[in-house]
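Novice: Pasting the sequence and the predicted model now:
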Amino acid sequence: MIGWLRRAANKPSQQTPDLPARIRVGDRLLPVELRRLRNARRMTLRLAPDGTSVRVSLPHWVPAQEALTFARARSDWLAAQSARLPAPQPLGPGCTITYRGMPVIVVWNADAARRPQHVDSRIVLGGPEIGLGARLARWLEAEARRVLAQDLADYCALAQRPVPKLALSRARRRWGSCAADGTIRINWRLIMAPDPVRRSVVAHEVAHLVHFDHSPAFHACLAALFEGSVEEANAWLKRHGPSLYTAFA
């Protein structure tokens, strides 16, 4: 790693625009996303959670071509990471999806209501079989908005803060964010995670309404707000989060 940095540092400071590029990972060509960080001192590499892109974080002075060479040299590692990702499952009658951490079976009946209905361990829906996956995704997003709105109200009451605007996120990089204007964005796919995991993300963002940083005061606020174990929730997301991204891919 040090060698990469020294070579980059000794090169002229001329920079070319970060042009779109792709590298081969296994049998796929994946786009490379370059993220220049002000305080970065080295390059880091990772595969996107859904396996659809390669991400390189790098100092502002490293040329784009150097970052691409860095990524290509680690294509075998990237391919191994890609192979570990769960494959997207076909959506259709009889398939199993996850709702609030629990597996539920999709039951399709042409005579049932088009809007999915959660009944015990099943999700029942009707209408044309074509478009079933899209209807399921829309229903899950609606459920996410409903449940997340209640989570947000709960934690804002505890934090003694007014409830801010809630927006659903489709980000592929993060689970939640808190904007400078107070708007909180939460990834809709968390409706598939267990309740404590989803609520930990909401509590994290509400804590940012009190402390807009990651200081000890912020972590103390988060610990006071969240009723469960933040460490366990984070571990679940690290272990199972990629499967949420590959669902409905």
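Specialist: In hand now; what should we look at? Numbering: from 1, shown residues only.

Novice: Moving C-terminal from the lengthiest helix in the chain, which element do we reach first?
Specialist: If you go by DSSP state H, the chain has its longest helix at helix 132-159. With elements assigned by DSSP states H and E, the helix or strand that comes after helix 132-159 is strand 166-169.

Novice: and that next one, what other elements does it pack with?
Specialist: In terms of contacts (3 or more C-beta pairs under 8 Å, 6 or more residues apart in numbering; DSSP states H and E), strand 166-169 is packed against helix 132-159, strand 184-187. In this view, the C-beta of every residue, glycine as well, is placed from N, C-alpha and C.

Novice: so Leu45 bridges to which residues?
Specialist: Beta-bridge partners of Leu45, counted by DSSP bridges, are Val56.

Novice: contacting residues for it?
Specialist: Applying C-beta atoms under 8 Å, 6 or more residues apart in numbering to Leu45 gives the contacts Val54, Arg55, Val56, Phe70, Ala71, Arg74, Trp77, Leu78.

Novice: circling back to that earlier point, pick the most buried one from the helices and strands packed on strand 166-169.
Specialist: Comparing these by mean neighbour count (mean count of other C-beta atoms under 10 Å), strand 184-187 comes out on top with a mean of 24.

Novice: what are the pairing partners of that one, and which direction each?
Specialist: Assessed with DSSP bridges, strand 184-187 is paired to strand 166-169 (parallel), strand 176-178 (antiparallel).

Novice: in the longest strand along the chain, what's buried?
Specialist: Across the chain, the longest stretch assigned as strand under DSSP state E is strand 28-37. The neighbour-count check on strand 28-37 (16 or more other C-beta atoms under 10 Å) flags Leu30, Val32, Glu33, Leu34, Arg36 as buried.

Novice: Can you add distance to Glu66 and give those residues back as CSV?
Specialist: Formatted as CSV, the buried residues of strand 28-37 follow (distance: C-beta to C-beta, whole Å):
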residue, distance to Glu66
Leu30, 19
Val32, 12
Glu33, 15
Leu34, 10
Arg36, 12
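
Novice: hmm, back to that, rebuild the strands paired with strand 184-187 as JSON lines, extending it with mean neighbour count, mean pLDDT and distance to Pro216.
Specialist: Shown next, in JSON lines, are these (neighbours: other C-beta atoms under 10 Å; pLDDT from 0 to 100; distance: least, C-beta to C-beta, whole Å):
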{"stretch": "strand 166-169", "mean neighbour count": "16", "mean pLDDT": "95", "distance to Pro216": "27"}
{"stretch": "strand 176-178", "mean neighbour count": "19", "mean pLDDT": "95", "distance to Pro216": "18"}
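
Novice: so where is this structure shaky, pLDDT-wise?
Specialist: 1-20, 87-89, 248-249 (pLDDT under 70).
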